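Asks: How does the following fold in three dimensions:
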Amino acid sequence: MESLVIIPTYNEKQNIESLIEALLNLGKQLHILIIDDNSPDGTGVIADQLAKKHQEVHVLHRKGKLGLGTAYVEGFKYALKSGAKYILQMDADFSHQPRAIPDFLEAIKAYDLVLGSRYYKGVRVMNWPFRRILLSKMGTKYVRAITGLPVTDITGGYKCFRREVLEAIDLHKIKSNGYSFMIEMTFKTYHKGFRIGEIPIVFEERRAGQSKISKSIIFEAMWLVWKLQIEQVVGGAIRSIKEAIYAVPHKQLIKFMIVGGIGFGVNMFVYYVTYHLLLLHYIASAVWAFSIAVTHNFLLNKFWTFRCADKKDIFVEYYKYVSTNVLGLGVNLLILMLLVSFLKTPALISQAIAICCAVVVNYAGSKLWVFKIKKLVKA
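Replies: Numbers count the residues shown, from 1 in each chain. A predicted model of the protein is given here:
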């Protein structure tokens, strides 16, 4: 099996038979998987009859209306188990024209995911009122603005995947439906580094039956784009911190912590001298102590921990190092307040946890931003 077309159905008895015949008549040796959600109108029965008539047609029956996204996920899993090389998805209502299939199969040779776009090099939508076209275009611009996806039709459902894309995505974690599912799959494909291409398609309003679009599906899509982008940013930050910690031998992190311990002693000593002996205000003493301790730590980390002998940008590095420490201090205080005020954790334990988090932030910032240590590459 080289190419598999996945078609979810719910109450599509008026369309399914003619659609399957149109696909088989393309002469592209397509296999077709119909996933029916126990349609009350008997679509599943018709699908079984088509499967008996054509060996290329396969049917999955589900217990009820479980959603478009979960149907495609089950279809993707079926395709991977069946050894399909190219996996296409399309609607059952003829809004996606079967005649575009050869264009998909040609384009997928150069890409990993091909999107059928209603808005690529023009607008090709039939039998839609202007208000709906405008809403669709604005929705695409909204998603692009938040996610940065470089495609013209993000919510479209006519697509072709290489199997490698579906193998790389954890399908068990895909929980979205409708428009959200279309957005999520393209988003994850893009951020996995796969090549995405677009081809122009003509989109025609369904010939028969009722649309499955609802307000809840639209609202889900509006929220999902924020969720995906936040997860991507947070996940990227976590990966960067892990890289900062594990990219080089742990000896460097140990050195960083030793410098921090010495810096703590310097801080306390300067505070004692300025407050108790020089009789400065306690705030002024704290500022002097922080400034001298940070300067001490900067110099030790630069020339000992990270071994940056170059003095050319020392003042820029110092500014960055102070900024990183201020951020670390903010993380320390925020976590301390959350643990003590909301989780009622003992103050001493809370401070210990907060310090550990601040050390990670300071170390990651110093390594990735201040001193820009590159990964060691073995010859």
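Asks: rest of the way, CA atoms for contacts and neighbours
Replies: OK.
Asks: how far out from the middle of the chain is the host helix or strand of I258?
Replies: Element membership of I258 [criterion: DSSP states H and E] is helix 251-272. Relative to the centre of its chain, helix 251-272 is centred 38 Å away, using Cα atoms, centre = their mean, to the nearest Å.
Asks: Please report the distance of the residue sitting furthest away from the middle of the chain from W288.
Replies: The outermost residue of the chain, judged against the average C-alpha position, is L277 (56.1 Å), by Cα atoms, centre = their mean. Distance, L277 to W288, using Cα to Cα, to the nearest Å: 14 Å.
Asks: who's in contact with D112?
Replies: By Cα atoms under 8 Å, 6 or more residues apart in numbering, the contact set of D112 is 161-162, 164-165, 194-197.
Asks: can you rerun that using 7 Å?
Replies: 161-162, 165, 194-196 (Cα atoms under 7 Å, 6 or more residues apart in numbering).
Asks: got a list of contacts for stretch 335-343?
Replies: For stretch 335-343, the surrounding residues in contact (Cα under 7 Å, 6+ apart) are 345-347, 350-351, 354.
Asks: from the chain's centre, how far out does it sit?
Replies: Using Cα atoms, centre = their mean, the mean C-alpha position of stretch 335-343 is found 30 Å from that of the whole chain.
Asks: First-to-last residue distance for it?
Replies: 10 Å.
Asks: Go through it and flag the buried ones.
Replies: By neighbour count with 16 or more other Cα atoms under 10 Å, stretch 335-343 contains the buried residues 335-337, 339-340.
Asks: Restricted to helices, list the contacts of D112.
Replies: If you go by DSSP state H, those have V165 in helices.
Asks: Give me the PyMOL select line for the contacts of D112, limited to the buried ones.
Replies: Per 16+ other Cα under 10 Å, the buried members of the contacts of D112 correspond to this PyMOL selection:
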select buried, resi 161+162+165+194+196
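Asks: quick one: which of the contacts of D112 is nearest to G261?
Replies: Nearest to G261 out of the contacts of D112 is F194 (Cα to Cα; 45.2 Å).
Asks: What score does that closest one have for pLDDT?
Replies: As predicted, F194 sits at a pLDDT of 94.
Asks: Okay, it and I6: tell me how far apart.
Replies: Using Cα to Cα, F194 is found at 21 Å from I6.
Asks: Just the CA atoms of stretch 101-112, as PDB, please.
Replies: Output of stretch 101-112 as PDB, limited to C-alpha atoms (Å, rounded to 0.1, in the frame of the first residue of the first chain):
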ATOM      1  CA  ILE A 101      -5.400  14.000  -5.400                       C
ATOM      2  CA  PRO A 102      -2.800  13.600  -8.300                       C
ATOM      3  CA  ASP A 103      -1.500  17.100  -7.500                       C
ATOM      4  CA  PHE A 104      -1.000  16.100  -3.900                       C
ATOM      5  CA  LEU A 105       0.800  12.900  -4.900                       C
ATOM      6  CA  GLU A 106       3.100  14.900  -7.200                       C
ATOM      7  CA  ALA A 107       3.800  17.700  -4.600                       C
ATOM      8  CA  ILE A 108       4.500  15.300  -1.800                       C
ATOM      9  CA  LYS A 109       7.700  14.100  -3.600                       C
ATOM     10  CA  ALA A 110       9.300  17.400  -2.700                       C
ATOM     11  CA  TYR A 111       7.700  18.000   0.700                       C
ATOM     12  CA  ASP A 112       6.900  16.100   3.900                       C
END
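Asks: neighbours around A354, how many?
Replies: Neighbour count of A354, defined by other Cα atoms under 10 Å: 23.
Asks: what about it, which SS state?
Replies: Assigned with DSSP: H, G, I helix; E, B strand; the rest coil, A354 falls in the helix class.
Asks: which residue sits closest to it, ignoring its sequence neighbours?
Replies: Closest residue in space to A354, ignoring its immediate chain neighbours: N332 at 4.7 Å, by Cα to Cα, 6 or more residues apart in numbering.
Asks: and that neighbour, backbone torsions?
Replies: Backbone torsions of N332, given as degrees, to the nearest 10, read phi -60, psi -50.
Asks: Quick one: mark the members of the buried residues of stretch 335-343 that sit in strands.
Replies: The members of these all map outside strands under DSSP state E.
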